[in-house]
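1. pasting a predicted model and its sequence here:
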Amino acid sequence: MKKAFGDRAPALMRRLSVLREARTLADVPRVPPERCHELTGRREGQLAVVIKDNWRLVFRPAHDPPPRKPDGGLDHSQVTEIELIEVVDYHGE
C-alpha cells in the first residue's frame, strides 16, 4: 500500500477501516477528518471521503437503485454496501 499511495497510505488505511466498520453510510462522519460528502456534476451519484490534502477515496452505493428519501436525496441510513471506485485528486477536472 505504501508503494502505491506513498504518504497517503496511512490515512487511506484509516478511511477504509472507518468504511468497513460502519453499519450504514450514516455512520461515516460528515465532518473532518473523514468528511464524507456527495459529489456533483459528472460525479453525481458518487461520494467521497478525504484522505489527505486534495486526495479523495471515491465510492458509490452498491444498491440498484440507491435508497432514496422522500425528497429524492440519498438515504445514508439505508446504504449498507458501497463499491470503491478510485483514489484520486479530482480537483481541477
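-> Arrived safely, thanks for sending.
2. output the lowest mean pLDDT helix or strand found in the protein.
-> Sorted by mean pLDDT, DSSP states H and E, the helices and strands of the chain end with helix 2-5, the least confident at a mean of 87.
3. list the contacts for residue 29?
-> Going by CB atoms under 8 Å, 6 or more residues apart in numbering, residue 29 touches 18, 35, 36. Any C-beta I mention is one placed from the backbone N, CA and C, and that applies to glycine too.
4. separation between residue 41 and residue 34?
-> Taking CB to CB, to the nearest Å as the measure, residue 41 falls 22 Å from residue 34.
5. where do the helices sit along this protein?
-> Applying DSSP state H to the chain gives helices spanning 2-5, 9-21.
6. how about those, which one is nearest residue 59?
-> helix 9-21 (7.6 Å; CB to CB).
7. and that closest one, what does it pack onto?
-> Secondary-structure packing of helix 9-21 (3 or more CB pairs under 8 Å, 6 or more residues apart in numbering; DSSP states H and E): strand 47-52, strand 55-61.
8. got the angle for the first one vs strand 55-61?
-> The one in question is strand 47-52. Orientation of strand 47-52 against strand 55-61 (axes from the mean of the first three to the mean of the last three CA atoms, to 10 degrees) gives an angle of 160 degrees.
9. my guess is residue 49 contacts residue 16, does it?
-> No: using CB atoms under 8 Å, residue 49 makes no contact with residue 16, being 9.3 Å away.
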